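1. Everything below, folded, please.
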Amino acid sequence: MGDSIESKNLIKVPVAKLGVGMFVESIDSAKGHVSIANAGQIRSKEAITKLLRSGITHVWVNAERSSVDCGLNRPNLKSTSVVKPVAKRVIKDRVTNQKKAKELMVEAKDLIQKVLSETFEGKAVEVGPFEVLADNMIESVLLDADALKCVSALRSKDAYLLEHSINVAFLLVTFGRYLKFDTDMLRKLAVGGILHDIGKIKVDSAVLNKPGKLTAEEFEHVKLHQTFAVEIMDNTAGLSQVSKDISLMHHEKLDGKGYPRGLKGDEIPIHGRMSCIVDIFDALTAARCYKEAMSPAAAFKILLSLTPFHLDQALVYDFIRCVGVYPVGSLVELSDGRVGIVWEAKNRDALHPIVKCFYSNKHKHYTGVTMVDLLKSDLNIEKGISPSSLEIDPTPFY
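-> Numbers count the residues shown, from 1 in each chain. Take a look at the predicted model:
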């Protein structure tokens, strides 16, 4: 371990010298630290071999979270390179990044509202502004995905179409990044997500916002939004095929029983299959005039129940791993009865995020706002909960 580099708890270690039990937090590249989705302790020699085969030469190991008998010789390590301290900066950056994320959401809503109005009047959609918005969204996800997740978790029943379009785009970018798509593909996914429901602007709003079950005739009318979308897509210059597919395939099913074209199996490309999953998940976890929002955990169960005939099973599991069992921005109840927002999950396993607690379900009153790091606490997440199950409004705490 002579060429390891230590700075507090982070140690740069050659992959060839990794040991079982070491906690790999990030990989090292020319650009510095690169976070990995599956950070955690090395469980086997095969995991080390896999890293070597992938061409990774060095990783950053968290000494504090590594097992005692992993072979990490802490006392003898010499500091030859210092990593910039990040603890205080992270808190400041989160506030700044969340403010930027809120500004991005406002900008996105304004743009989509403008384009919806113009589309209603028969004007052609211009792709340029959406590509700029997509690039800003990708940058925000790369900068601080947790900040954008918390902002996107704030929903309004009165702005569903706008927020749903933005969230589908954001989820597609997050999912695409998890699947290691390049930036150009992420941009196409984002534009497709933003525009995926644009055909609804020509659907009767009374039917679209009906606070009850639709009749067969009303459902057929709503399905026309895909027919309208085809017309809009055909008149949109410069729109990529991927973006068009997302708009026109998010209601297709693998068994061929979807609409508008009844595509089946391999006729639906991976980005089309992703759009089906993301669209359903966001719709289930949003509050509507006719239903309350569902918790992510409950939505995951429904997604899995729709495999393999409607949704791609392998992709659903990938999506759950990507978003996390308890996604940032979702509400959870801890084992002591306190309720909080899943606040930070970067470089953590799914069951140990940082939770921003503000209310006690057990005693039915507000508590002091406290950040609970479940990696350093005896508490655990008891369950995920939906906003509608609370007797108070959690919005001010986001």
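
2. what's the offset of the host helix or strand of residue 316 from the middle of its chain?
-> Using DSSP states H and E, the element containing residue 316 is helix 313-323. Chain-centre distance of helix 313-323: 11 Å, with CA atoms, centre = their mean, to the nearest Å.

3. mind listing what the helix or strand just after it pairs with, with the direction of each?
-> Later in the chain than helix 313-323, the nearest helix or strand by DSSP H and E is strand 331-334. If you go by DSSP bridges, strand 331-334 pairs up with strand 338-344 (antiparallel), strand 381-385 (antiparallel).

4. what are the ranges of the helices in the stretch 101-250 of the chain?
-> Using DSSP state H, counting those that start in this stretch, the helices of the stretch 101-250 of the chain run over residues 128-152, 160-178, 183-195, 205-208, 216-234, 241-249.

5. about what we covered before: got the contact list for the helix holding residue 316?
-> 37, 171, 174-175, 178-179, 270, 273-274, 277-278, 281, 296, 300, 303-304, 306-307 (CB atoms under 8 Å, 6 or more residues apart in numbering). The C-beta positions use only the backbone N, C-alpha and C, and glycine is treated the same way.

6. what's the distance between residue 275 and residue 164?
-> 12 Å (CB to CB, to the nearest Å).

7. From the neighbour counts alone, determine which of those two ranks first.
-> More neighbours surround residue 275 than the other of residue 275 and residue 164, with 29 against 20 (other CB atoms under 10 Å).

8. Quick check: which element contains the more buried one?
-> helix 270-284.

9. for residue 257, same thing?
-> Applying DSSP H and E, one finds residue 257 in no helix or strand.

10. quick one: contacts for it?
-> So residue 257 contacts 309, 310 (CB under 8 Å, 6+ apart).

11. Kindly report the same for residue 209.
-> Per CB under 8 Å, 6+ apart, neighbours of residue 209: residue 289.

12. going forward, begin numbering at 48 instead of 1
-> Happy to do that; since the first residue is 48 now, the last one works out to residue 256.

13. residues of stretch 273-286 that come out buried?
-> 273, 275, 276, 279, 280, 283, 286 (16 or more other CB atoms under 10 Å).

14. so who does the fifth one touch?
-> Residue 280 sits next to 286, 291, 294, 295 when contact means CB under 8 Å, 6+ apart.

15. let's go with 6 Å and repeat that
-> By CB atoms under 6 Å, 6 or more residues apart in numbering, the residues touching residue 280 are 291, 294.

16. Just the pLDDT at it, thanks.
-> For residue 280, the pLDDT comes out at 87.

17. quick one: residue 211 from residue 118, how far?
-> Taking CB to CB, one finds residue 211 at 50 Å from residue 118.

18. Residue 142 too?
-> Taken as CB to CB, the span from residue 142 to residue 118 is 39 Å.

19. Which of those two has more residues huddled nearby?
-> Neighbour comparison, residue 142 and residue 118: the larger count goes to residue 118, with 13 against 10 (by other CB under 10 Å).

20. Now that one: phi and psi?
-> phi 90, psi 10 (degrees, to the nearest 10).

21. Please list all residues in contact with it.
-> residue 66.

22. Out of the helices of the stretch 148-297 of the chain, the one nearest residue 71 is which?
-> helix 207-225 (17.6 Å; CB to CB).

23. between the closest one and helix 175-199, how many degrees?
-> 90 degrees (axes from the mean of the first three to the mean of the last three CA atoms, to 10 degrees).

24. Same question for helix 207-225: list its buried residues.
-> So helix 207-225, judged by 16+ other CB under 10 Å, has buried residues 207-224.

25. Check stretch 438-445 too.
-> In stretch 438-445, counting by 16+ other CB under 10 Å, buried: 441, 444.

26. End to end on that stretch, go ahead and measure it.
-> 17 Å (CA to CA, to the nearest Å).

27. Outside of that stretch itself, list whatever touches it.
-> Residues contacting stretch 438-445 (CB under 6 Å, 6+ apart): 197, 201, 405.

28. Stretch 418-434 now?
-> 340-344, 373, 377-383, 399, 401-404.

29. And for stretch 238-249?
-> 163, 166-167, 177, 181, 212, 215-216, 219, 272-273, 275-276, 279, 290, 293-294, 297.

30. how about the closest residue in space to residue 391 that isn't next to it in sequence, phi and psi?
-> Once flanking residues are discounted, residue 391 sits nearest to residue 401: 4.1 Å by CB to CB, 6 or more residues apart in numbering. Phi and psi for residue 401, reported as degrees, to the nearest 10, are phi -90, psi 130.
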